[in-house]
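Q: coords please:
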Amino acid sequence: MTQSRVARALVRAASPLMGTPDSRNAIPRAKLSGFRAALLAGWTALSAAGLLYARAKGIPAWVALPVLAAFLVEYPFYLVPAFAEVRARFEHSPAWLVVSFVAPYVLYATNTGQFRWRALAQLAALAAVLSLWYTILPGAPLADGAFLALVAAVVLRGYFDPIYTSPYPGLHLEILGHVALTRLCAMVMLVERRVRGVGYGFMPSLAEWKIGVRHFFYFVVAAIPLAWPRAWCARVPECPRGKSRLRLWVCFGWWRCRRNSSFAACYKGG
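A: Residues are numbered from 1 along each chain as shown. Down below sits the predicted model:
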């Protein structure tokens, strides 16, 4: 029953993506060609990579196929923010954002015995809060800062870890949550916040490459000194429970810097 309801919701949510005839303000076929080409290429690559990975790791089919299907469902939603014509189809549609956010979880979880209503409610609540953020709050610096703080807390506190539980040892599925969060935030900022002139897409220009390389070197200057305490702590197994306060604080400081820099790198590059 749950799967059938989700399937119907997915059909309704996907119809604007593919420009079905009965959808209002349907997107012209010519403008959908780029989206469809990227969709087909991505589905092909993801399918091949997923099957090869499952075979190499010995993951059974009853786990591999639902998980692969979840990634294939997530992929078109991940593409939407980069295609302005498709993206515009979903303006002021928080329900679509919520449905698309929880759909990959429901697909894999219901077919691998990992589904929990509490986890579904947590995902839906997070998606609803982020989707309605700029519907309720004004597009002002204070609201922007609070939005970024909330996203940072979700990432740094491991919000997705207890939700995307794995049916197979060593298979980390919380990446589904992080991918969905990335494109949800992009959609909120582009469609609801209406940030202009950012050139969101997957093919960086030469100027953007230069910016990325420059900031990468800025990061290296700070990262190399920070790597020394990490290497030192790695050679001291008892560091977390050691008697030396200096060792404890060095390890704790590195842990904090590592988590913060990982978040910054993720959202700077994403």
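
Q: and the helix or strand in which Leu32 is found, what does it pack onto?
A: Per DSSP states H and E, Leu32 falls inside helix 29-57. Applying 3 or more Cβ pairs under 8 Å, 6 or more residues apart in numbering; DSSP states H and E, we find helix 29-57 packed against helix 2-18, helix 61-79, helix 84-87. Where you see a C-beta, it was placed from the backbone N, CA and C, and this is true even at glycine.

Q: beyond the shortest one, next helix or strand please.
A: Read it as helix 84-87. helix 94-110.

Q: send me that next one as CSV with only the CA atoms.
A: The C-alpha trace of helix 94-110 is given here as CSV (Å, rounded to 0.1, in the frame of the first residue of the first chain):
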residue,chain,number,x,y,z
PRO,A,94,7.1,23.0,-2.0
ALA,A,95,5.0,19.8,-2.2
TRP,A,96,7.0,18.7,-5.1
LEU,A,97,10.2,19.4,-3.3
VAL,A,98,9.1,17.4,-0.3
VAL,A,99,7.9,14.4,-2.4
SER,A,100,11.1,14.3,-4.4
PHE,A,101,13.2,14.5,-1.2
VAL,A,102,11.6,11.5,0.4
ALA,A,103,11.0,9.3,-2.7
PRO,A,104,14.5,7.7,-2.9
TYR,A,105,14.4,6.8,0.7
VAL,A,106,11.0,5.2,0.4
LEU,A,107,12.0,3.3,-2.7
TYR,A,108,15.1,1.6,-1.2
ALA,A,109,13.8,1.3,2.4
THR,A,110,10.5,-0.4,1.6
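
Q: going forward, begin numbering at 30 instead of 1
A: Sounds good: first residue 30 from here, last item helix 123-139.

Q: can you pull the buried residues of that helix?
A: Using 16 or more other Cβ atoms under 10 Å as the test for burial, helix 123-139 gives 123, 125-138.

Q: try stretch 98-115
A: Those would be 98-112, 115, for stretch 98-115 by 16+ other Cβ under 10 Å.

Q: what average pLDDT does the helix holding Leu61 get?
A: Taken as a whole, helix 58-86 carries a mean pLDDT of 88.

Q: now stretch 253-269
A: If you average the pLDDT over stretch 253-269, you get 59.

Q: go ahead and confirm Glu221 touches Ile165.
A: No. Counting by Cβ atoms under 8 Å, Glu221 does not reach Ile165; the two are 10.4 Å apart.

Q: so for the two, which residue has more residues nearby?
A: Between Glu221 and Ile165, counted using other Cβ atoms under 10 Å, the more crowded position is Glu221 (20 against 8).

Q: so who does the more buried one touch?
A: The contact partners of Glu221, taken as Cβ atoms under 8 Å, 6 or more residues apart in numbering, are His121, Ser160, Trp162, Tyr163, Thr164.

Q: in helices, which of these fall?
A: Taking DSSP state H as the definition of helices, these contribute Ser160, Trp162, Tyr163, Thr164.

Q: and the last one, how many neighbours?
A: Taking other Cβ under 10 Å as the neighbour definition, Thr164 ends up with a count of 10.

Q: show me what contacts it?
A: His121, Pro123, Glu221.

Q: next one: the second one
A: The contact partners of Trp162, by Cβ under 8 Å, 6+ apart, come to Ala172, Phe176, Val217, Glu221.

Q: what is the nearest of the buried residues of stretch 98-115 to Pro233?
A: For those, the closest approach to Pro233 (Cβ to Cβ) belongs to Ala111, at 11.7 Å.

Q: enumerate every residue touching that closest one.
A: Tyr229, Gly230, Phe231.

Q: which of these tops the neighbour count?
A: Tyr229 (14 neighbours).

Q: would you map out the domains in this protein?
A: 31-221, 236-298 (automatic domain parsing).

Q: in the stretch 130-279 of the chain, which spans are helices?
A: Per DSSP state H, counting those that start in this stretch, the stretch 130-279 of the chain carries helices over the ranges 146-160, 162-165, 170-185, 203-216, 235-263, 274-298.
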